[in-house]
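Undergrad: what shape does this take:
(4 chains)
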2 protein chains.
Amino acid sequence: MRSTVEDLTTRARIRDAAIALFGRDGFSRATVRAVAADAGVSPGLVIHHFGSKEGLRQACDQHVLAQTASQGKEKADPSSTRHLIQDYLNHPGQYADEIAYIRRSLGDESDAGNAFFDAVVDQTQGIIEAGIEAGTIRDFEDVRSTAVIIASNSLAMLVLGRHLSRALGTDSGPGTDASETGGISPDLLRQLTLPALDIYTHGFYADARFLDAARDALQHNNATTQGREHAP
Amino acid sequence: MRSTVEDLTTRARIRDAAIALFGRDGFSRATVRAVAADAGVSPGLVIHHFGSKEGLRQACDQHVLAQTASQGKEKADPSSTRHLIQDYLNHPGQYADEIAYIRRSLGDESDAGNAFFDAVVDQTQGIIEAGIEAGTIRDFEDVRSTAVIIASNSLAMLVLGRHLSRALGTDSGPGTDASETGGISPDLLRQLTLPALDIYTHGFYADARFLDAARDALQHNNATTQGREHAP
DNA sequence: TTATATACTAAACACTTGTTCAATCAGCAG
DNA sequence: CTGCTGATTGAACAAGTGTTTAGTATATAA
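TA: Predicted structure coming up:
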């Protein structure tokens, strides 16, 4: 009874305002009154449509997940997660609210954050397996763990985007859309692309010394609680 | 089960309770009354000692930063950030509150989070420069950006630790210390160490195709807003 | 037309929030 | 002892919170 038809109704306006506010201020800091004001309705109507603030959150979770899931499946061929971010660059600001919402969900204890992370990992794993078969990606022993690491590294740019901008001085100044939403600016992504791909192509260490040392340490140290030489 | 000694002053007890609660529930969700209850004092005394809830937060920021800064400078020689996490593994649960606090600070808009991230980047950069000189780390063109990427990747395990556990099924079950605090369990780190070091040693891609393509795309595309082929 | 159901608002309710305040209590200087 | 200062509390306050409720408008169906 819902979905596309009601998507232009008051209910959808409330939900979109909630997505924007939850993403910007977090779920607990954003108030029902602020959502109502942004949507141009009364606070009571928000409860009337969604039952409670928690119900509103679940509706937001569901909508954002459905939207990003359809987006993700469309562009899941050559590269991996960063393709989604790149797509966001070509349509700047369009998905800003949803992205900020996901960033908050990943940090909070949220079902939507869990589902999103798992979806990214699964998608990454599929890409790695296809890349291995095509010869473009190295043949890893533990594909699952590798996918988790790649997904974690990629999503780190989303979660820590604000810090990346600041640490590199690529901040376009206060008041910018990127610094407001914490998103990644095109300039920042351009600056980080080559160094990241360099590591992903030629590695970070000059040789296999650290890897061999860690492998030995872990083999000689399987049952004990000691786990030394994890670096970096 | 509070920390080791009751030798602390009341002010310190309040601050430690606040660090634990702010880290577990976030600043806005944690209430002054809950902090007071955990510290065994009245809500008014919290305000008496710290002026306001915001003052309490700044005291927590200052204390956690001072503690982690001294910790960081002690172990800043061979490896990088993960050395800090590894040290945390050898002393399980001891720094759990501070780590959860930092994880929350990195996600929220917090001065402590900014300072911590910048400190990790600076420390990582120093390690990279030393490694380049020693020949253990590859000679990167843009050391700063590389340091930011490495720091981001490392801190991602902190921020996204809960998702890593779940996606790998290494969760030691609900009620565990790791799943409560969102920290990284020793098992999880052991499982991720070799795949991560494998990427950091031999790279992720099988050859330089993606890197070359991205370099060409960025050179031919300097002034425009288009920025294609960032992968993965 | 009436009747019914729904969208919607304004106001109030019950509760929690951070904070204040007067009043104790303990230690210490004179 | 008195007097003073800071720690500490219990109660209260003002503002904000999510939610409820009574009531109004609107539209659709009979």
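Undergrad: how about the residues of chain A by DNA strand D?
TA: By C-beta under 7 Å from any atom of the strand, the residues of chain A that approach DNA strand D are A:30-34, A:43-44, A:46-48, A:52-54. Every residue, glycine included, has its C-beta placed from N, CA and C.
Undergrad: residues contacting the one residue sitting closest to the centre of chain A?
TA: The centre of chain A sits closest to A:L155, judged by C-alpha atoms, centre = their mean, with a distance of 4.6 Å. A:L155 makes contacts with A:T81, A:L106, A:F117, A:V120, B:A156, B:L160, as judged by C-beta atoms under 8 Å, 6 or more residues apart in numbering or on different chains.
Undergrad: what's in contact with the helix or strand hosting the fourth one?
TA: Right, A:V120. Assigned by DSSP states H and E, A:V120 belongs to helix A:111-134. Applying C-beta under 8 Å, 6+ apart, the contact partners of helix A:111-134 are A:60-62, A:64-65, A:68-69, A:72, A:76, A:79-81, A:101-102, A:105-107, A:137-140, A:143-144, A:146-148, A:150-151, A:154-155, B:160, B:163, B:166-167, B:205-206, B:232.
Undergrad: show me just the buried residues among those.
TA: Buried members of those, scored by 16 or more other C-beta atoms under 10 Å in any protein chain shown, are A:60-61, A:64-65, A:68, A:72, A:76, A:79-81, A:101-102, A:105-107, A:137-138, A:140, A:143-144, A:146-148, A:150-151, A:154-155, B:160, B:163, B:166-167, B:205-206, B:232.
Undergrad: point out the ones among the residues you listed that are inside helices.
TA: A:60-61, A:64-65, A:68, A:72, A:81, A:101-102, A:105-107, A:143-144, A:146-148, A:150-151, A:154-155, B:163, B:166-167 (DSSP state H).
Undergrad: pLDDT below threshold where in chain A?
TA: A:1-7, A:71-92, A:170-183, A:220-232 (pLDDT under 70).
Undergrad: and A:G169, how far from DNA strand C?
TA: As judged by C-beta to the nearest atom of the strand, to the nearest Å, A:G169 and DNA strand C stand 34 Å apart.
Undergrad: tally of neighbours for that residue?
TA: When neighbours are counted by other C-beta atoms under 10 Å in any protein chain shown, A:G169 registers 8.
Undergrad: next: A:H48.
TA: 13.
Undergrad: tell me the contacts of the nearest residue to A:D108 once chain neighbours are set aside?
TA: Distances taken as C-beta to C-beta, 6 or more residues apart in numbering or on different chains put A:F27 closest to A:D108, at 6.6 Å, once the chain neighbours are dropped. Going by C-beta under 8 Å, 6+ apart, A:F27 touches A:R57, A:R104, A:D108, A:S110.
Undergrad: tell me which other helices or strands whatever helix or strand A:G23 lives in touches.
TA: Using DSSP H and E, the element containing A:G23 is helix A:10-25. Contacts defined by 3 or more C-beta pairs under 8 Å, 6 or more residues apart in numbering or on different chains; DSSP states H and E place helix A:10-25 against helix A:32-39, helix A:43-50, helix A:53-74, helix A:96-107, helix A:177-181.
Undergrad: CSV please, covering the residues of chain A next to DNA strand D and showing distance to chain B.
TA: Formatted as CSV, those follow (distance: C-beta to the nearest C-beta, whole Å):
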residue, distance to chain B
A:A30, 10
A:T31, 11
A:V32, 15
A:R33, 16
A:A34, 14
A:P43, 19
A:G44, 24
A:V46, 20
A:I47, 21
A:H48, 26
A:S52, 17
A:K53, 13
A:E54, 14
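Undergrad: around DNA strand C, pick out the residues from chain A.
TA: Going by C-beta under 7 Å from any atom of the strand, the residues of chain A near DNA strand C are A:T9, A:T10, A:R11, A:G40, A:V41, A:S42, A:P43, A:G44, A:L45, A:H48, A:H49.
Undergrad: can you pull the contacts of the first one?
TA: What it means is A:T9. No residues are in contact with A:T9 under the rule C-beta under 8 Å, 6+ apart.
Undergrad: and it, how far from B:I199?
TA: A:T9 sits 48 Å away from B:I199, going by C-beta to C-beta, to the nearest Å.
Undergrad: most neighbours of all the residues of chain A next to DNA strand D, which one?
TA: A:V46 (25 neighbours).
Undergrad: which residues are in contact with it?
TA: A:V46 touches A:I14, A:A18, A:V32, A:V35, A:A36, A:A39, A:K53, A:L56, counting by C-beta under 8 Å, 6+ apart.
Undergrad: rerun at 6 Å
TA: Residues in contact with A:V46 (C-beta atoms under 6 Å, 6 or more residues apart in numbering or on different chains) are A:I14, A:V32, A:V35, A:A36.
Undergrad: how about these, which pair is most distant?
TA: The span of the contacts of A:V46, defined through C-beta to C-beta, is set by A:I14 and A:V32 at 9.8 Å.
Undergrad: show the end-to-end separation of stretch A:107-116, please.
TA: Counting by C-alpha to C-alpha, to the nearest Å, you get 12 Å between the two ends of stretch A:107-116.
Undergrad: list the buried residues in it.
TA: A:G107, A:D108, A:S110, A:A112, A:G113, A:N114, A:A115, A:F116.
Undergrad: picking that back up, please identify which of the contacts of A:V46 is nearest to DNA strand C.
TA: Nearest to DNA strand C, judged by C-beta to the nearest atom of the strand, of the contacts of A:V46 is A:A36 at 7.2 Å.
Undergrad: quick one, what contacts that closest one?
TA: A:S42, A:P43, A:V46.
Undergrad: show me the domain layout of chain A.
TA: A:1-60, A:75-205 (automatic domain parsing).
Undergrad: tell me the most buried of those domains?
TA: Mean neighbours per residue, mean count of other C-beta atoms under 10 Å in any protein chain shown, is largest over the domains of chain A for domain A:75-205, with a mean of 20.
Undergrad: work out the gap between the helix or strand encompassing A:D216 and the centre of the chain.
TA: Assigned by DSSP H and E, A:D216 falls within helix A:209-219. Centre-to-centre, helix A:209-219 and its host chain are 32 Å apart (C-alpha atoms, centre = their mean, to the nearest Å).
Undergrad: what does stretch A:142-149 give?
TA: Centre-to-centre, stretch A:142-149 and its host chain are 17 Å apart (C-alpha atoms, centre = their mean).
Undergrad: quick one: that stretch near chain B?
TA: Yes - on the criterion C-beta under 6 Å from any C-beta of the partner chain, stretch A:142-149 is in touch with chain B at A:D142, A:S145, A:T146, A:V148, A:I149.
Undergrad: show me the contacts for the residue lying closest to the second one once chain neighbours are set aside.
TA: Nearest non-adjacent residue to A:S145, counting by C-beta to C-beta, 6+ apart: B:P195, 4.3 Å away. Contact partners of B:P195, counting by C-beta under 6 Å, 6+ apart, are A:D142, A:S145, A:T146, A:I149.
Undergrad: measure the first one to B:E109 for me?
TA: In this case it means A:D142. From A:D142 over to B:E109 the distance is 36 Å, taken as C-beta to C-beta.
Undergrad: with the second one instead?
TA: In this view, A:S145 and B:E109 are 32 Å apart by C-beta to C-beta.
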